[in-house]
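Chemist: this one's structure only:
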């Protein structure tokens, strides 16, 4: 019931916001109400999963593995909750950020289509539906990215579309081949069937297809080029929701497929690919960021580098490492979205995102400096903020498993992240604005202040809370990781008596 | 029959990849169309090619009496075709739009979002 509700809410918001597209005020209210309802539904789902373990629902009454299954274990539920949080934050932020033209062209409608796809991907119980939800998400993101059709947006969209479609086709082919080998696509069913496959070629081929497809969605090295080409071109609101959710759907799919469908520890080739790809993702992302001089382009490269940490957690594949990966995802979504949102306020107050053209914010708005430092230091892993615990667990898990080089890279990349963040700090906040008179005229109106700063403050509070009261969040990650490594309850919830 | 189809898929993927690597977005589109058809053929071949009867169950029976074709791969392909067609149409419009606003369909010449650092 709650599972369907988490999909019905964004679907209904999508439809209603399209129906009322001629009334901008009404459409905004619908969008915010839809996001708030999504958050409530996801919290209810989360509470149910925490209390009772994994839940599943069979659509249309067809029993698994024949019908369409929606299923939520703790990882899925946590991802849906965090999607709800981000949805509400960006819909409020969008009030002050998204221009009227973009709203008229369907910003709200596409945003909720995107949320529908993301939520669906987290709750899908079989691979083909995962593919369909991916497509829902991807087509909505194409629309959001190109909304307004400025030259650089079109340029970014072309590259984003091209590389995403190739990944999608690899995913589809993998699904087809795996179906041919096993006769099922239900992930709980595959968990039982795949280990019995006698032909190692088909197992490895399909696993590699999924690794490539989800790796490209997650922006893993060496298939991340679409991300820095496009993420800085749309409105800040759209950038923030992309940065928070899209790559994480890829990471989620990798974690799901390589714990439930395949056991990554039985596929040494895949595990090694994940490990080295994760290490190089961390390093190339942070080095790419060091070369940039535009706030959103720096942050985009940092998404890539952070994805490396999550995948490193998956690649190490010990219980502690998976705990780290899950904790990392939860912390990262909040922090990354917040940094983009702060970047948008910086642009509004200084007129640009190009570091050479801005400055003087610390003297004018010290509160914004604090709001920037909280997510920035958390991203770099400074205690006691959330990123510290995330990095600590990942590094400790890598050291425990004797993966010394990746652990060393993880620490080095943390240091280089401080470098990038201090670059933004020094240029945007510390140094004087090159044209102080022009900058002094740029202020936030009262309405803008409310809509832009409320989500930033809320997300910063969540970051601080995850850092100071890490226990409960860590506990959720531990249980989620246990459910991943022993999917007994997940399989039971899906297949029920047929088991 | 599966062998013939597999070879066909190989040829289609080769042509698609060749077109996609040309750097011209229009050719890339044609390559994409070929590749998405190849993916559909993969599902079709992986679902086994049988000279089976339609998967219909006679009245009063609990299951089909003779060997029937597997309908599931066909359902998957149908879904994939619809999605693929939508995406292809979108990409076509996007490339057309790119040609109008950027004045080029050559991937290497599209540098608005990521300006050439050396040219600054």
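Modeler: Nice, I can see it. Keep in mind the model is a prediction, meaning the values are calculated, not measured.

Chemist: tell me which parts of the stretch 1-150 of chain A are close to chain B?
Modeler: Residues of the stretch 1-150 of chain A lying near chain B by CB under 8 Å from any CB of the partner chain: A:128, A:131, A:132, A:135, A:138, A:139, A:142, A:146, A:149. No exception for glycine: its C-beta is placed from N, CA and C like everyone else's.

Chemist: one more time with 10 Å
Modeler: Contact residues (CB under 10 Å from any CB of the partner chain) of the stretch 1-150 of chain A with chain B: A:66, A:128-129, A:131-132, A:134-136, A:138-139, A:142-143, A:145-146, A:149-150.

Chemist: of those residues, just the buried ones, ChimeraX syntax please.
Modeler: This is how ChimeraX selects the buried members of the residues of the stretch 1-150 of chain A next to chain B, with burial counted by 16 or more other CB atoms under 10 Å in any protein chain shown:
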select /A:128,129,131,132,134,135,136,138,139,142,143,145,146
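
Chemist: okay, and which of the residues of the stretch 1-150 of chain A next to chain B map to helices?
Modeler: If you go by DSSP state H, the residues of the stretch 1-150 of chain A next to chain B have A:128-129, A:131-132, A:134-136, A:138-139, A:142-143, A:145-146 in helices.

Chemist: and the residues you listed, which two are furthest apart?
Modeler: Farthest apart among these by CB to CB are A:128 and A:146. That separation is 27.5 Å.

Chemist: of all the residues of the stretch 1-150 of chain A next to chain B, which comes closest to chain B?
Modeler: Closest approach between the residues of the stretch 1-150 of chain A next to chain B and chain B, by CB to the nearest CB: residue A:135, at 4.9 Å.

Chemist: what separates the residue lying closest to the closest one once chain neighbours are set aside from residue B:36, distance-wise?
Modeler: Of all residues not flanking residue A:135 in the chain, residue B:83 sits nearest, at 4.9 Å (CB to CB, 6 or more residues apart in numbering or on different chains). Between residue B:83 and residue B:36 the distance is 9 Å, computed by CB to CB, to the nearest Å.

Chemist: now do residue A:17
Modeler: In terms of CB to CB, residue A:17 sits 30 Å off from residue B:36.

Chemist: contacts only, for residue B:11.
Modeler: B:34, B:38 (CB atoms under 10 Å, 6 or more residues apart in numbering or on different chains).

Chemist: near residue A:475, how many other residues are there?
Modeler: Look at residue A:475: counted by other CB atoms under 10 Å in any protein chain shown, it has 12 neighbours.

Chemist: using the three-state scheme, assign it.
Modeler: helix (DSSP: H, G, I helix; E, B strand; the rest coil).

Chemist: gap between it and residue A:389?
Modeler: From residue A:475 to residue A:389 the distance is 12 Å (CB to CB).

Chemist: got it, and residue A:494?
Modeler: Residue A:494 sits 32 Å away from residue A:389, going by CB to CB.

Chemist: and for residue A:135?
Modeler: Noted for residue A:135: a distance of 35 Å to residue A:389, by CB to CB.

Chemist: what of residue A:442?
Modeler: For residue A:442 relative to residue A:389 (CB to CB), the value is 37 Å.

Chemist: what about chain A, any weak spots by pLDDT?
Modeler: Applying pLDDT under 70 to chain A flags the ranges A:497-499.

Chemist: for it, which residue gets nearest to chain B?
Modeler: Proximity of chain A to chain B (CB to the nearest CB) peaks at residue A:180, 2.7 Å away.

Chemist: now the residue in chain B that chain A sits nearest to. Nearest residue, chain neighbours left out?
Modeler: With CB to the nearest CB, the shortest gap between chain B and chain A falls at residue B:46, namely 2.7 Å. Once flanking residues are discounted, residue B:46 sits nearest to residue A:180: 2.7 Å by CB to CB, 6+ apart.

Chemist: tell me the first helix or strand C-terminal of the helix or strand hosting the one you found.
Modeler: For residue A:180, the host element (DSSP states H and E) is helix A:151-182. With elements assigned by DSSP H and E, the helix or strand that comes after helix A:151-182 is helix A:187-193.

Chemist: show me what that following helix is packed against.
Modeler: strand A:69-72, helix A:127-146, helix A:151-182, helix A:488-495 (3 or more CB pairs under 10 Å, 6 or more residues apart in numbering or on different chains; DSSP states H and E).

Chemist: turn these into TSV, including distance to residue B:74.
Modeler: Output for the helices and strands packed on helix A:187-193, formatted as TSV (distance: least, CB to CB, whole Å):
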stretch	distance to residue B:74
strand A:69-72	21
helix A:127-146	13
helix A:151-182	12
helix A:488-495	25
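
Chemist: let me know which of the ones you listed is the nearest to residue B:78.
Modeler: That would be, of the helices and strands packed on helix A:187-193 and by CB to CB, helix A:127-146, which comes in at 11.7 Å.

Chemist: what's the angle between that closest one and helix A:151-182?
Modeler: On the basis of axes from the mean of the first three to the mean of the last three CA atoms, to 10 degrees, helix A:127-146 is oriented at 180 degrees to helix A:151-182.

Chemist: residue B:83 and residue B:36: who's more crowded?
Modeler: Taking other CB under 10 Å, residue B:83 and residue B:36 do not tie; residue B:36 has more neighbours (24 against 20).

Chemist: report the central residue of chain B.
Modeler: Centroid-nearest residue in chain B: residue B:36, 0.7 Å away (criterion: CA atoms, centre = their mean).

Chemist: show me the contacts for that one.
Modeler: A:165-166, A:168-169, A:172-173, B:12, B:16, B:80-81, B:83-85, B:87-88.

Chemist: how about 6 Å then?
Modeler: A:169, B:84 (CB atoms under 6 Å, 6 or more residues apart in numbering or on different chains).

Chemist: poorly predicted segments of chain B, please.
Modeler: Across chain B, the ranges flagged by pLDDT under 70 are B:116-120.

Chemist: ranges for the helices of chain B?
Modeler: For chain B, applying DSSP H gives helices covering B:2-20, B:25-46, B:71-102.

Chemist: relative orientation of the last one and helix B:25-46 in degrees?
Modeler: Just to be clear, that refers to helix B:71-102. In terms of direction (the same axes, to 10 degrees), helix B:71-102 departs from helix B:25-46 by 170 degrees.

Chemist: so what does helix B:71-102 touch, helix or strand wise?
Modeler: The contact analysis (3 or more CB pairs under 6 Å, 6 or more residues apart in numbering or on different chains; DSSP states H and E) places helix B:71-102 against helix A:151-182, helix B:25-46.

Chemist: rewinding a little: who has more neighbours, residue A:442 and residue A:389?
Modeler: More crowded of residue A:442 and residue A:389, by other CB under 10 Å: residue A:389, with 24 against 13.
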